[in-house]
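S.K.: let's see this in three dimensions:
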Amino acid sequence: MPAVYYEGQPVQVIELEGSDPDTWIVEFGDPRTDERGSVLAVIRPEEGTWADAVLSVAPGVDPLPVAFVSWALEEARRRLDR
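M.R.: A predicted model of the protein is given here:
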């Protein structure tokens, strides 16, 4: 998977099918804010639209910059609306 960058820094983006096979997940990890892995995920039912998607933030993650969350949401939308 090609590298994805936010403000010049690489961000790990993982697209996967959820434990419910009718769910798609796009996870984001930002090593500048948390080294444990994914810091947030956008989850959308396979037959749903962007309006059905939800945002999940990993427990214990330090506050995230709004600009990063906004960028991640746009990146997720681009991927999920393909």
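S.K.: give the contact list for E47.
M.R.: By CB atoms under 8 Å, 6 or more residues apart in numbering, the contact set of E47 is D22. Every residue, glycine included, has its C-beta placed from N, CA and C.
S.K.: going forward, count from 57.
M.R.: Sure thing, new numbering starts at 57, so read that last one as E103.
S.K.: helix, strand, or coil at the residue of the chain most remote from its centre?
M.R.: What lies farthest from the middle of the chain is E103; by CA atoms, centre = their mean that is 18.6 Å. Classification of E103 by DSSP: H, G, I helix; E, B strand; the rest coil places it in coil.
S.K.: relative to S94, how far out is it?
M.R.: According to CB to CB, to the nearest Å, E103 and S94 sit 24 Å apart.
S.K.: where does F124 fall, secondary structure wise?
M.R.: helix 122-136 (DSSP states H and E).
S.K.: so what's D78 closest to, chain neighbours aside?
M.R.: E102 (4.5 Å; CB to CB, 6 or more residues apart in numbering).
S.K.: same thing with P66?
M.R.: Using CB to CB, 6+ apart, the nearest residue to P66 is A59, at 5.2 Å.
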